[in-house]
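A.B. asks: just coords:
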């Protein structure tokens, strides 16, 4: 009987990809804290995860290594501008460093939680394969 990794790993595989993208977006916000007219962005995790699963079930899959990925050039799902909590400081920048640092730390903890869950899944699969 073959192991179906999509069913075995569940949502956590896609969650890791989305959390990694969100870390990039949040880090970009922090790097541009002092850039005039820079607008902070964030990824809506739930929306991105829903879109990832709807794309997965649509039947568009990369069946050969020479084929182009259907995600190339597309916008990151769930990516939008953050609504600032404080009025404009005059330079047009909407980044609040404290908010970004908090969101980054929260995202990092959720990423680690998904990694730990996947690690336990892989260990369980290894035990099942070995017959332990």
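C.D. replies: Great, that's in hand. Being a predicted model, the structure only gives us computed values, none of them experimental.
A.B. asks: look up phi and psi at the spatially closest residue to residue 79 that is not a sequence neighbour.
C.D. replies: Among residues not flanking residue 79 along the chain, residue 43 sits closest, at 5.3 Å (CB to CB, 6 or more residues apart in numbering). C-beta here means a position set from N, CA and C on the backbone, and glycine is covered the same way. Here is the backbone geometry of residue 43 (degrees, to the nearest 10): phi -110, psi 130.
A.B. asks: quick one: the strands in the protein?
C.D. replies: 41-43, 79-81 (DSSP state E).
A.B. asks: what number of residues lie near residue 87?
C.D. replies: Using other CB atoms under 10 Å, residue 87 has 6 neighbouring residues.
A.B. asks: what's the spacing between it and residue 34?
C.D. replies: Computed as CB to CB, to the nearest Å, the residue 87 to residue 34 distance reads 18 Å.
A.B. asks: about what we covered before: residue 132 is nearest to which of the strands of the chain?
C.D. replies: Evaluated over the strands of the chain, closeness to residue 132 peaks at strand 41-43, with 39.2 Å, by CB to CB.
A.B. asks: how about residues contacting the closest one?
C.D. replies: With contact meaning CB atoms under 8 Å, 6 or more residues apart in numbering, strand 41-43 is reached by 18, 21-22, 25-26, 28-29, 76-82, 103.
A.B. asks: closest to residue 122 out of these?
C.D. replies: Lowest distance from residue 122 to those (CB to CB) belongs to residue 18, with 19.8 Å.
A.B. asks: show me the contacts for that closest one.
C.D. replies: Residue 18 neighbours (CB under 8 Å, 6+ apart): 43, 45, 48-49, 52, 77-78.
A.B. asks: and for the residue nearest to residue 79, the neighbour number?
C.D. replies: The number of residues near residue 43, taken as other CB under 10 Å, comes to 23.
A.B. asks: helices along the chain, start to end?
C.D. replies: Assignment of helices within the chain using DSSP state H yields the ranges 5-9, 12-31, 45-57, 97-130.
A.B. asks: pick the most buried one from those.
C.D. replies: Neighbour counts (mean count of other CB atoms under 10 Å) averaged over each of these peak at helix 12-31, with a mean of 18.
A.B. asks: that helix to helix 45-57, inter-axis angle?
C.D. replies: Helix 12-31 runs at 130 degrees relative to helix 45-57, counting by axes from the mean of the first three to the mean of the last three CA atoms, to 10 degrees.
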